[in-house]
Each structure stands twice: as structure tokens, then as C-alpha cells.
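Visitor: please work out how this folds:
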Amino acid sequence: MDKPGPSKKRKVKDENRQFQEIWTEKYFFVWSHNKVVCLICKNSVAIAKEYNVKRHYETQHPTFTKFTGELRKQKMLSLKRELIGQQAMFTKPIQDSETATEVSYEISRMIAKRSRPFNDGDFVKECIEIAAKKMCPEAAK
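Guide: So this is what the prediction gives:
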């Protein structure tokens, strides 16, 4: 009896599927955070292949086929700006939080370095200046 050979299952990671820029114009999809994302409904497709992208576009958004030429490009650009705006809305608070943490560490370091309580006027002023430079550099002066 012959023993069966090793299994030849197809694996997505072995197929080297990549996002194609043409999908943006044809199907309103972009590559964002290692996912293929629909600009219209902001859903992602599980596997980056044209069949999946096309199927999603044709079944979920048939009304967008009416956009052609320059109107289609304008719609695509406005949807792209909207997606970038939504993503920026989530990253700004994270950056603010990280900056606040950095400032608190800097002030803690100053307190430990001077071995003083936080009640000396000049010391408080220095701490406020450090916080202002990091948190809002345009208004620091």
C-alpha cells in the first residue's frame, strides 16, 4: 500500500496576495492598517483578492456604479479624506495621552532630582514651562 504524501493545502500567506492600487478606482477600496478597507462602508475584506473586493462592491454598493469619470474620482477622494479623518480622530487622543504621560515622568524626575516638595514657586514655574513646551509648543511662550 502506498502512503499518502504530504498535504498540499493552499495557504493564503503562501499565495503572496497584495492590494492592487487599481482596486481603489474600480471598487472604492484602500489599503489601511494591513487590511483592505471599503471606503463606502468602512468594512474590511478577509482576504485581499480581487474576487472578494469585487463581490463586496457589487453586492453591497450597486448604486455607486452610476459614478463615472471625474465624478467618480471626486467621490473616491472625498471618501478617502473621510476615512483619514476618522482614523485621525482616534490617533490624536492617543498622542495627547502619551504626551501627558511623558510630561508627568519629566516632572516626577525633577521632583526626585531636587528632593523638594512641589510648593516652591520657581520650581512650580519650571514644571509648568516643561508641560507647556510638550503639550502645546505653539503657546509655550
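Visitor: could you pull out the strands for the chain?
Guide: Using DSSP state E, the strands of the chain run over residues 29-32, 35-38, 44-45.
Visitor: show me what counts as buried in the first one.
Guide: Within strand 29-32, the residues scored as buried using 16 or more other Cβ atoms under 10 Å are F29, V30, S32. In this view, the C-beta of every residue, glycine as well, is placed from N, C-alpha and C.
Visitor: try stretch 109-128
Guide: F123, C127.
Visitor: contacts for it?
Guide: I107, I130 (Cβ atoms under 8 Å, 6 or more residues apart in numbering).
Visitor: that older thread, got a markdown table for the strands of the chain, with distance to K113 too?
Guide: Formatted as a markdown table, the strands of the chain follow (distance: least, Cβ to Cβ, whole Å):
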| stretch | distance to K113 |
| --- | --- |
| strand 29-32 | 44 |
| strand 35-38 | 46 |
| strand 44-45 | 48 |
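Visitor: including distance to C41, could the buried residues of strand 29-32 go into CSV?
Guide: Listed next are the buried residues of strand 29-32 as CSV, based on distance: Cβ to Cβ, whole Å:
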residue, distance to C41
F29, 11
V30, 13
S32, 13
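Visitor: from the residues you listed, which is closest to V45?
Guide: Nearest to V45 among the buried residues of strand 29-32 is F29, at 7.3 Å by Cβ to Cβ.
Visitor: report the beta-bridge partners for that closest one.
Guide: C38 (DSSP bridges).
Visitor: could you measure from it over to M110?
Guide: Using Cβ to Cβ, to the nearest Å, F29 is found at 50 Å from M110.
Visitor: mind listing the helices for this structure?
Guide: Here the chain has its helices, by DSSP state H, at 22-27, 50-60, 69-114, 121-135.
Visitor: by contact count, what packs against the shortest one?
Guide: Under the contact criterion of 3 or more Cβ pairs under 8 Å, 6 or more residues apart in numbering; DSSP states H and E, helix 22-27 touches helix 50-60, helix 69-114.
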